[in-house]
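Trainee: Generate coordinates for the sequence data below:
(3 chains)
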Amino acid sequence: MTPLLEVHHISYTYSAGTPFAHKALDDVSFQIHAGEFIGVIGHTGSGKSTLMQHLNGLLKPDEGQIFLGGRDIWSDKKFTRACRFRVGLVFQYPEYQLFEETVYADIAFGPKNMGLDESEVDRRVREAAGFVGITEQQLKASPFDLSGGQKRRAAIAGIVAMEPELLILDEPTAGLDPRGREEILDNIQAYRQAKNATIMMVTHSMNDVARLADRLLVMSGSRLVLDGTPEEIFANAQSLVDMGLDVPEVTRVFLALEKMGMKYPGVYTMEQAVRALTRRGGGGHA
Amino acid sequence: MESAVEVKDLCFTYPGVEGTPGVAVFNGLSLTVEEGDFVAVLGGNGSGKSTLAKHFNAILLPSGGTVWVCGLDTAKEENLIPIRRQVGMVFQNPDNQIVANVVEEDVAFGPENLGIPSGEIRQRVDSALESVGMYAYRLHAPHLLSGGQKQRVAIAGILAMAPKCVVLDEPTAMLDPKGRREVLDTVLRLNREQGITVILITHHMDEAAKAKRVVVLDHGRIAAQGTPKEVFCQVELLHSLGLAAPETVELCHALNRQGFSLPLDRLDAQSCAQAIFDAISGEEKT
Amino acid sequence: MLKDITLGQYFPGNSVIHRLDPRTKLILLVAYIAALFIASNFLSYALTLGFLIICVAVSGIQPKAFFKGLKPLIFLMCLTGIMNLFFTSGETLLVHFWIINIYLEGLVRAIFMILRLLALICATFLLTYTTSPIALTDALESLLRPLGKIGLPVHELAMIMCIALRFIPTLLEETDKIISAQKARGADFETGSLIQRVKALIPILVPLFISAFRRADELATAMECRCYQGGEGRTKLKQLRYAPLDYWAFGVLALLLAATVTLTVFGL
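Mentor: You can find the predicted model right below:
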């Protein structure tokens, strides 16, 4: 089966040829298959955001190619533009891009740029608003009258309305309170289930990726250093810590337990922890 | 000894726009912060925590009740500058509080405003930059620093004014985990080593867990307060407010629902693992 | 990309040039420009240019930085050169083609004009490269202070300049980000009629303005929290004080001016 997206040995340098030159991506390769939920982790400056902007053709790699559905996204101009719609990219703090007079018009901006007819635009705007919990009344309001969390969700709806096959989100929960974070993650899940979409999410929250992702990419020093299932990656917790990254708190607890002589392999989420410890025959006080 | 901050029966209503009714935030809130304390104020969006912070150095004035800062009534015009000398504020967005385009010049901004002689400003700037670990960057341009570094520069700018109290309004909301650690460690050290009173507004539970005292705000009233252990063991209450306890407490709570009886005051992985270890090995003996 | 623009770029250092009082540097720049315009023959040009080259070498700043800064101005310099080349008449005709006559005098003049512009721009770069924008602002504030008496808000202007310099890189970076984000939603800035292209700027300008206002608002609050009350009673971290070095610098430049005038007047 052809992968949905294939990244083939790409490298990219910012401000090439100046004293400020900085290699942001160094020979990165991986494939994305339809239906995956991929978490991307790595600290600031590891090249994550640069990588994201390559996947929908906003940046052109200095070396290497990116194939969408088997076709090089830079093969011709029209296709590059089409890629922007097939690979939806939600930037960090997307609420800072809202500009229209109404939430409705803002969400419609993307679909309109796709050249869809009015009824299709309308359908998509309403459906996208539904995914992120924006009400009919809020659609008519100015985006600047919404609360912080609502603005963020309206901005995400603007990308979701383009119905991308691959939805990429760069730290979609940054700066939100626990309830706001939970809402956004639920919205993403809802979209994924309804549209059978592929999701790629950059985040600093190990707890979130441990819970949601079925595959993790770890970036460090402009390179892709780890690529595997959460089990594989978190089994290697020490190497994450060495890179200055966090591990899920549950993993920390189970690492400590392991040192005390109790070994439960492959536990890194709350659910798994509860299952592992109860299956063990614990909880006799019930 | 006088309290660093004393809030008594605080009422505050944001004035309405064009005839619409105002939004009442506080309706009789009382709170005391002792000198040398480290208080974390927790709360979801709209809980009033940022509004409260703005009362601590007279950016906002009470509509009813009184706020005393180091014994000075914030409502009195003549107290404005003395209060702001005593209470420094650090805000969420690190970019929007740095005035100058050289680190040391920015740190000097406060003391310059106070009319302090040049020689002494130099001493204050150097020692403030040293205590936040940014002395090596004193000649750098702020926009090239990381988020955590910018926040530490902002903290140094406050320290250079020799305040008794520092109020930080979600200083880590826009930072990555590394930046968050840098800022939190800096603030903890200032409290410990220099006895500076710290009021930290946050929605990160792990940060609040490091405070001496936690105050949970909900819709402008205090929903819970006490030591971190006292507050975080009230897991159900926190959930009902849209907040969460630290992951370790959540884990113990989830296990207890399966019949374990683990203590809910374990705020770090090691002690949490110990509790689980004790519970399980206790069971095996019986 | 927008953030590659080196506007008001400052390269920290500790050379003699870096250590001069910023007021000295400003005054010297004005004096040097005067010398450039007085210079009119080979020797005086050699002297002024040589002086600049020595200063650049002393400053320790990479010549590359100057070339990079000059790039956007090449067109202007070429235009000046061509105008002088074609429109100067003289005695020694070098090239005659259709209605165009190029004289030796024109050629010499064009070269001199280009060199003069080059020196002028590089000298200005040398000032901004070796002086932090804040020091420069302080110097302007200090030199313009007498104008405060006739009602010019000197402190406020200096503060505005300082904040503008601080936020230009931040806003450029933000503009880059907004452009990318709107492109990700299919915004098209490259095709269409002029009106369409202007319209296409709305999704960039609206968020940018909103952001700038939000920043201004937050910055104002932060400044107030740090006891800012205007220029009254303010002191400075770095008090401007002329040191012996500055008097030497004035001396050297006085000599340069005198030499240039002498060489020009006596046509050596």
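
Trainee: What ranges does chain C have for its strands?
Mentor: With DSSP state E as the criterion, chain C has strands at C:93-97, C:100-103.

Trainee: Got the confidence number for the residue nearest to residue C:187 when sequence neighbours are not counted?
Mentor: Excluding its sequence neighbours, the residue lying closest to residue C:187 (Cβ to Cβ, 6 or more residues apart in numbering or on different chains) is residue C:203, at 5.5 Å. All C-beta spots, glycine's among them, are computed from the backbone N, C-alpha and C. Note on residue C:203: pLDDT of 93.

Trainee: Nearest approach to chain A belongs to which of the strands of chain C?
Mentor: Nearest to chain A among those is strand C:100-103 (36.1 Å), distances taken as Cβ to the nearest Cβ.

Trainee: Correct me if wrong: residue B:16 contacts residue B:22.
Mentor: Yes - with contacts counted by Cβ atoms under 8 Å, residue B:16 reaches residue B:22, the gap being 4.3 Å.

Trainee: Report the helix or strand with the lowest average pLDDT across chain A.
Mentor: Lowest by mean pLDDT, DSSP states H and E among the helices and strands of chain A is helix A:237-242, with a mean of 83.

Trainee: Other residues contacting the helix or strand just after that helix?
Mentor: Once the chain leaves helix A:237-242, the next helix or strand it forms, by DSSP states H and E, is helix A:249-260. Helix A:249-260 is contacted by residues A:206-207, A:210, A:234, A:237, A:247, A:263-264, A:267-270, A:272-273, B:246-248, B:251, B:269-270, B:272-274, B:276-277 when judged by Cβ atoms under 8 Å, 6 or more residues apart in numbering or on different chains.

Trainee: make it 6 Å
Mentor: With Cβ atoms under 6 Å, 6 or more residues apart in numbering or on different chains as the test, helix A:249-260 has contacts from A:234, A:237, A:264, A:267-268, A:270, A:273, B:247, B:269-270, B:272-273, B:277.

Trainee: now do stretch B:177-191
Mentor: Applying Cβ under 6 Å, 6+ apart, the contact partners of stretch B:177-191 are A:43, A:204, A:246, B:38, B:132, B:147-148, B:151-152, B:171-172, B:196, B:198, B:207.

Trainee: Could you pick out which of the residues you listed are located in strands?
Mentor: With DSSP E as the criterion, strands contain B:38, B:198 from among the contacts of stretch B:177-191.

Trainee: Would you mind stating the distance between the most centrally placed residue in chain B and chain C?
Mentor: Per Cα atoms, centre = their mean, the C-alpha nearest to the average position across chain B is that of residue B:200, at 0.6 Å. In this view, residue B:200 and chain C are 16 Å apart by Cβ to the nearest Cβ, to the nearest Å.

Trainee: follow-up on the earlier one: just the ones of the contacts of helix A:249-260 in strands?
Mentor: Among these, the subset assigned to strands under DSSP E is empty.

Trainee: of all the residues you listed, which two lie farthest apart?
Mentor: A:234 and B:277 (20.4 Å; Cβ to Cβ).

Trainee: neighbour count winner among those two?
Mentor: residue A:234 (24 against 16; other Cβ atoms under 10 Å in any protein chain shown).

Trainee: tell me the contacts of the more buried one?
Mentor: Listed by Cβ under 6 Å, 6+ apart, the contact set of residue A:234 reads A:251, A:268.

Trainee: One more pass at 8 Å, please.
Mentor: So residue A:234 contacts A:210, A:240, A:247-248, A:251, A:268 (Cβ under 8 Å, 6+ apart).

Trainee: pLDDT score for residue 38?
Mentor: Since no chain was named, I'll use chain A. As predicted, residue A:38 sits at a pLDDT of 97.

Trainee: that's the other chain; I wanted chain C
Mentor: Residue C:38 is given a pLDDT of 88.

Trainee: returning to what we had before: would you mind giving the contacts of residue A:234 as TSV with neighbour count added?
Mentor: Below are the contacts of residue A:234 laid out as TSV (neighbours: other Cβ atoms under 10 Å in any protein chain shown):
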residue	neighbour count
A:210	25
A:240	23
A:247	22
A:248	25
A:251	23
A:268	24
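
Trainee: Need those residues in TSV (columns: distance to residue B:260).
Mentor: Putting these into TSV (distance: Cβ to Cβ, whole Å) gives the following:
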residue	distance to residue B:260
A:210	21
A:240	28
A:247	23
A:248	20
A:251	19
A:268	19
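
Trainee: on that earlier part again, report the contact partners of the residue nearest to the centre of chain B.
Mentor: Shown in contact with residue B:200 (Cβ under 8 Å, 6+ apart): B:38-41, B:168, B:171, B:187, B:207-208, B:211.

Trainee: ranking those residues by neighbours, who comes first?
Mentor: Most neighbours among the contacts of residue B:200, by other Cβ under 10 Å: residue B:171, with 32 neighbours.

Trainee: mind checking how far it is from residue A:200?
Mentor: In this structure, residue B:171 lies at 30 Å from residue A:200, with Cβ to Cβ, to the nearest Å as the measure.

Trainee: quick revisit: for chain B, state which of the contacts of residue A:234 is nearest.
Mentor: Nearest member of the contacts of residue A:234 to chain B, counting by Cβ to the nearest Cβ, is residue A:248, at 7.6 Å.

Trainee: dump the residue contacts of that closest one.
Mentor: Contacts for residue A:248 (Cβ under 8 Å, 6+ apart) come out as A:206-207, A:210, A:234, A:268-269, B:247.

Trainee: residue ranges with poor pLDDT in chain A?
Mentor: Along chain A, segments meeting pLDDT under 70 span A:18-19, A:280-286.

Trainee: Strands along that one, start to end?
Mentor: So, for chain A - with DSSP E - the strands run A:5-14, A:22-32, A:37-41, A:63-68, A:71-72, A:87-90, A:166-170, A:198-202, A:215-220, A:223-228.

Trainee: Make JSON lines from these and add mean neighbour count and distance to chain B to it.
Mentor: Listed next are these as JSON lines, based on neighbours: other Cβ atoms under 10 Å in any protein chain shown; distance: least, Cβ to the nearest Cβ, whole Å:
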{"stretch": "strand A:5-14", "mean neighbour count": "19", "distance to chain B": "13"}
{"stretch": "strand A:22-32", "mean neighbour count": "17", "distance to chain B": "12"}
{"stretch": "strand A:37-41", "mean neighbour count": "23", "distance to chain B": "10"}
{"stretch": "strand A:63-68", "mean neighbour count": "18", "distance to chain B": "26"}
{"stretch": "strand A:71-72", "mean neighbour count": "14", "distance to chain B": "33"}
{"stretch": "strand A:87-90", "mean neighbour count": "27", "distance to chain B": "17"}
{"stretch": "strand A:166-170", "mean neighbour count": "24", "distance to chain B": "12"}
{"stretch": "strand A:198-202", "mean neighbour count": "23", "distance to chain B": "11"}
{"stretch": "strand A:215-220", "mean neighbour count": "22", "distance to chain B": "13"}
{"stretch": "strand A:223-228", "mean neighbour count": "17", "distance to chain B": "17"}
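
Trainee: Just put those in a markdown table and tack on distance to chain C.
Mentor: Below are the strands of chain A laid out as a markdown table (distance: least, Cβ to the nearest Cβ, whole Å):
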| stretch | distance to chain C |
| --- | --- |
| strand A:5-14 | 8 |
| strand A:22-32 | 11 |
| strand A:37-41 | 17 |
| strand A:63-68 | 15 |
| strand A:71-72 | 19 |
| strand A:87-90 | 4 |
| strand A:166-170 | 9 |
| strand A:198-202 | 14 |
| strand A:215-220 | 19 |
| strand A:223-228 | 22 |
